[in-house]
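Asks: no sequence on hand, only this structure:
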């Protein structure tokens, strides 16, 4: 999370970081001092689109129990991940739902949540919290595999009298297994967030841009938009971003030095139809005005910049597009939820 915020907060404010549970940062956020500084400065804030309110503590007890007794639930959690492999299959959809319902029922939640849409929200929040467990475990496993791979390379180097050996069994195994597992959980998370946006409350302010790091998510949004409107969303800008942060002083310098360019950027994003090829060149080209600004204010970050590709989705609403792209099952009850298909439009950013 910190690396995402560092790149975005230099250029945009405020950054709204959505979370499945409200008022959670003080208890579970381990992102470090940079994130805390951004929150304190008002440059970033957390928002829960579907707050639990009176049921919050109960849900967190469920999450804590799953975390502390994960071995007891290992079979169910493994089946949940595998169930996402056939996302279009109704039997598998039922499998996902039954696994989540079983986890919730084990804590008496199903009995008190009679409305189907409310239960879908409980399931969505649970998927997102389980995804956080998955991230932590995958990172721990990746580090262990890295240590094993290093020992392996030293062993092969010794056996071959110092000649480097490019073959690494652990790297090949870990790379393929990590990618497959991450893809499975990504599908589940996208579905969960789509349902939370559709069934939850609106964001406090209409966001100018929704930002993701998932290429697959953007591709699916583009495909759904094209299916519905008959045209492809247009890439408005490809915007290089700094990847370093040395405190608000550095950010303030950047914003002072680049006040005119930032004002121009705000104007273009407010009316994407106006963006011309000349505008794109200003923010895209090496040694152009934007690139020169980044070099002056972030001299050490030239090789570690990130890129934000901005896509224009005119005439559509976020909740409906997200739900139709990621979140619907034929029997999930969401057909009864009336969500406007049209809207003023939105920008989707792919951060790389």
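Replies: Arrived safely. These numbers were taken from a predicted model, which means no experiment stands behind them.

Asks: so residue 45 belongs to a helix, correct?
Replies: No. Membership of residue 45 in a helix is not supported by DSSP: H, G, I helix; E, B strand; the rest coil, which gives strand.

Asks: so it touches residue 14, yeah?
Replies: Yes. Contact criterion C-beta atoms under 8 Å: residue 45 and residue 14 qualify, at 5.7 Å. C-beta: built from backbone N, CA, C; applies to glycine.

Asks: show the contacting residues for residue 35.
Replies: Residue 35 makes contact with 1, 2, 5, 29, 44 under the criterion C-beta atoms under 8 Å, 6 or more residues apart in numbering.

Asks: if you set the cut-off to 6 Å instead, what comes out?
Replies: Taking C-beta atoms under 6 Å, 6 or more residues apart in numbering, we find residue 35 in contact with residue 2.

Asks: and it, how far is that from residue 349?
Replies: Using C-beta to C-beta, to the nearest Å, we find residue 35 at a distance of 20 Å from residue 349.

Asks: buried residues in the strand or helix carrying residue 312?
Replies: Taking DSSP states H and E as the criterion, residue 312 maps to strand 306-314. Within strand 306-314, the residues that count as buried by 16 or more other C-beta atoms under 10 Å are 306, 308, 309, 310, 311, 312, 313, 314.

Asks: pLDDT value on the second one, please?
Replies: The reference is to residue 308. Per-residue pLDDT puts residue 308 at 95.

Asks: ok, and the closest non-adjacent residue to it?
Replies: With C-beta to C-beta, 6 or more residues apart in numbering as the criterion, residue 308 has its nearest non-adjacent residue at 4.5 Å, and that residue is residue 239.

Asks: you'd agree that neighbour is in a helix?
Replies: No. Per three-state DSSP, residue 239 lies outside any helix segment and is strand.

Asks: burial count for it?
Replies: Residue 239 is flanked by 19 other residues according to other C-beta atoms under 10 Å.

Asks: for it, give its distance to residue 319.
Replies: From residue 239 over to residue 319 (counting by C-beta to C-beta), the distance is 26 Å.

Asks: quick one: the strands in the stretch 151-300 of the chain, in order.
Replies: Assignment of strands within the stretch 151-300 of the chain using DSSP state E, counting those that start in this stretch yields the ranges 209-212, 234-241.

Asks: neighbours around residue 216, how many?
Replies: 12.

Asks: what's the pLDDT at residue 25?
Replies: pLDDT, residue 25: 55.

Asks: and the strand holding residue 312 with strand 234-241, angle?
Replies: Compare the direction of strand 306-314 with that of strand 234-241 by axes from the mean of the first three to the mean of the last three C-alpha atoms, to 10 degrees and you get 160 degrees.

Asks: so where is the stretch 1-150 of the chain shaky, pLDDT-wise?
Replies: Counting by pLDDT under 70, the stretch 1-150 of the chain shows low-confidence ranges at 25-32, 70-115.

Asks: from the contact counts, what lies against the strand holding residue 312?
Replies: Where contact means 3 or more C-beta pairs under 6 Å, 6 or more residues apart in numbering; DSSP states H and E, strand 306-314 is packed against strand 234-241, strand 345-351.

Asks: ok, and what's touching that strand?
Replies: Under the criterion C-beta under 6 Å, 6+ apart, residues 7, 225, 233-241, 243, 272, 345-352 lie in contact with strand 306-314.

Asks: make CSV out of the strands of the stretch 151-300 of the chain and add mean pLDDT.
Replies: What follows is the strands of the stretch 151-300 of the chain, written out as CSV (pLDDT from 0 to 100):
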stretch, mean pLDDT
strand 209-212, 92
strand 234-241, 93
